[in-house]
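K.L.:
After the sequence you'll find the predicted model.
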Amino acid sequence: LRFLTAGESHGPALTAIVEGMVAGLPISASYINEQLARRQGGYGRGGRMKIEKDQVQFLSGVRGGSTTGSPITMQISNKDWINWSEIMAAGSEAKLAERTVSRPRPGHADLAGAIKYNHQDIRNVLERSSARETAARVAVGTVARRLLEELGITVLGFVQRIGSVEAALVENLQPKELQAKASQSQLLCPDSQVEAAMMQEIDRAKEQGDSLGGVFEIRAYGLPVGLGSHVHWDRKLDSRLAGALMGIQAIKGVEIGLGFAAAALPGSQVHDEIVYSPDQGFYRQTNGAGGIEGGISNGEPVVVRAAMKPIPTLYKPLLSVDIKTKEPFAASVERSDVCAVPAACVVGEAVVAWELAVAMIEKFGGDSLEEIKDRVQNWQHRIRQV
Ligand code: EPS
């Protein structure tokens, strides 16, 4: 199972191709559009989201409401393209001298990207480094999510921190309750007591021309034991999840289970004691490991967190140097989001769903939904006999 995305932020469209998905998986554009809409929402988004209304179109690989096993092409049009078609045109008619960017924003791919690709116009970098691309990754991850659902696996996410405000009271919530509470919140935060404080912090940052980051958590329930492997570093499930999360724009840290907190605790308070019952097989009463031991899923919920830095496009000037004149300037910029942590959380769900679907197909194989379902069922039965 693999995918590629393509497309610029102000180009005609984003495109994704998913290859290796099983045949017979029921899927619809509206199912994917629901997740695309979630990604566009969240308190703290800027003007661009008023222009876009992301909708996916299948160009291949889906027929009569089900996957066929052929590569799946998905396209999401950029409504803003109409305002950029002359500047972003592929041919010699492109007005390359207009809307050029020579002032790199600290924290963005702007400067390193321009040097690396030998661009005089930073627009050639920022159009692709833009988090607009994550719409395509959400579409891809939602195809994966559909497969996981069929296999009894649920992926959910919620926002745990915005700036200095942290959510509490999430530990004891059951998955359904957690999901319901998060979905009622404009910040995907299940703790309604801190939501107002988070919004105030976003308002304050906006007034000051600043931006805010935060932390989101993704959980996956219903995974079988045995995804990933201890035998090689790049087969470890935690390594793959961390890579996928770090691959989201603006993510600067990832934790699995207790994560960094484990470093400050003695081993007796970190590791999850093993218990057994004939009904449940082997299980744990705690989950400090976040569902992964030795790079292998252990049957407990997978719990991962990611830290997002504040968006680097600021109204508040930060010192930078113009790449043409080499003169210093204090950046002044146009529209941007103030905080996109809820959007990043939806992207996080998508990339985690993707990695888990890859691991499921890798372990169980099969070319049709029926085949993989049988194999997963056999495995679940088999490990009960161990
Ligand atoms: C982004 C800048 C803004 C955001 C964009 C990410 O876009 P624009 O430059 O058009 O104002 O709105 O996010 C999206 C378009 C999206 O769909 O999430 C950036 O520089 O990363």
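P.N.:
Perfect, thanks for sending it. What you see is a predicted model, and the numbers here were worked out from it, not measured in a lab.
K.L.:
Now for whichever residue of the stretch 1-150 of the chain sits closest to the ligand: which residues touch it?
P.N.:
Closest approach of the stretch 1-150 of the chain to the ligand (CB to the nearest ligand atom) occurs at Arg48, with a separation of 3.2 Å. (Each C-beta comes from the backbone N, C-alpha and C, glycine too.) Residues near Arg48 by CB atoms under 8 Å, 6 or more residues apart in numbering: 80, 132, 335, 337.
K.L.:
any idea of the mean pLDDT in stretch 82-99?
P.N.:
Taken as a whole, stretch 82-99 has a mean pLDDT of 97.
K.L.:
got the CA coordinates for that stretch in PDB?
P.N.:
Only the C-alpha atoms of stretch 82-99 are listed here, as PDB (Å, rounded to 0.1, in the frame of the first residue of the first chain):
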ATOM      1  CA  ILE A  82      -9.200  31.300 -10.300                       C
ATOM      2  CA  ASN A  83      -7.400  34.200  -8.600                       C
ATOM      3  CA  TRP A  84      -4.000  32.700  -9.400                       C
ATOM      4  CA  SER A  85      -4.300  31.000 -12.800                       C
ATOM      5  CA  GLU A  86      -2.200  33.700 -14.600                       C
ATOM      6  CA  ILE A  87       0.500  33.600 -12.100                       C
ATOM      7  CA  MET A  88       0.600  29.900 -11.500                       C
ATOM      8  CA  ALA A  89       0.100  28.900 -15.200                       C
ATOM      9  CA  ALA A  90       2.200  26.000 -16.400                       C
ATOM     10  CA  GLY A  91       3.100  27.500 -19.800                       C
ATOM     11  CA  SER A  92       5.200  30.500 -21.000                       C
ATOM     12  CA  GLU A  93       2.100  32.700 -20.500                       C
ATOM     13  CA  ALA A  94       2.600  32.600 -16.700                       C
ATOM     14  CA  LYS A  95       3.100  36.100 -15.200                       C
ATOM     15  CA  LEU A  96       6.200  35.100 -13.400                       C
ATOM     16  CA  ALA A  97       7.100  38.700 -12.400                       C
ATOM     17  CA  GLU A  98       3.900  39.200 -10.400                       C
ATOM     18  CA  ARG A  99       3.500  38.200  -6.700                       C
END
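K.L.:
quick one: it near the ligand?
P.N.:
No. Legend: contact between stretch 82-99 and the ligand by CB under 6 Å from any ligand atom is lacking; minimum distance shown is 9.0 Å.
K.L.:
Good, wrapping up.
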